[in-house]
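S.K.: Make a model of this:
(one chain, ligands or ions: 1)
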Amino acid sequence: MPVHDIQVTNRLKTARGHLDGVLRMVADDAYCPDIMKQLAAVQGLLEATSRVVFRNHLETCVAEAMRQGRTEEIVDELMETLKYDRRVLRPTPADPAEGSPDEH
Ligand SMILES: [Cu+2]
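M.R.: Below is the predicted model of the structure:
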């Protein structure tokens, strides 16, 4: 399995584990703000996963398309993708391993 797939799989499994925890909290009638806090953490994990997928896409599919002279096509596709997933461009507190903000 390629290293990016392993990273994505691990992050998704972590998010799933977190989500299972939230389901248990709801079943146990936990305090609402505590549930919201955990949901925000799950969302952060999913956003971080999306960034790994996005970075991998840039390094592989996009780079290859540009080598093949399909720059306009691949850029159009990227612009379309970012319309529904703009969060992929910003770091989230759930993913401090990505480095300081001034690296971007
Ligand atoms: Cu790709």
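S.K.: Tell me the residues on this structure that lie near the ion, please.
M.R.: Contacts of the chain with the ion, taken as CB under 5 Å from the ion, map to 57, 61. C-beta: built from backbone N, CA, C; applies to glycine.
S.K.: low pLDDT regions in the chain?
M.R.: For the chain, residues meeting the criterion pLDDT under 70 lie at 91-104.
S.K.: what do you get if the cut-off is 50, keeping everything else the same?
M.R.: Along the chain, the model assigns pLDDT under 50 to residues 96, 98-104.
S.K.: So residue 29: helix, strand or coil?
M.R.: The three-state label given to residue 29 by DSSP: H, G, I helix; E, B strand; the rest coil is coil.
S.K.: Quick check: phi and psi on it?
M.R.: phi 60, psi 50 (degrees, to the nearest 10).
S.K.: That one and the ion, how far apart?
M.R.: Noted for residue 29: a distance of 43 Å to the ion, by CB to the ion, to the nearest Å.
S.K.: what's the neighbour count on that residue?
M.R.: 8 (other CB atoms under 10 Å).
S.K.: My understanding was that residue 25 contacts residue 37; is that so?
M.R.: No - taking contacts as CB atoms under 8 Å, residue 25 lies outside contact range of residue 37: 9.9 Å.
S.K.: More neighbours: those two, which one.
M.R.: Counted by other CB under 10 Å, residue 25 and residue 37 do not tie: residue 25 has more neighbours, with 17 against 12.
S.K.: ok, the closest residue to that one other than its chain neighbours - how many residues close by?
M.R.: Leaving out its chain neighbours, the residue that sits closest to residue 25 by CB to CB, 6 or more residues apart in numbering is residue 35, at 5.3 Å. Residue 35: 15 surrounding residues under other CB under 10 Å.
S.K.: Contact partners for residue 90?
M.R.: For residue 90, no residue meets the contact criterion (CB atoms under 8 Å, 6 or more residues apart in numbering).
S.K.: Enumerate every residue touching residue 3.
M.R.: Contacts of residue 3 (CB under 8 Å, 6+ apart): none.
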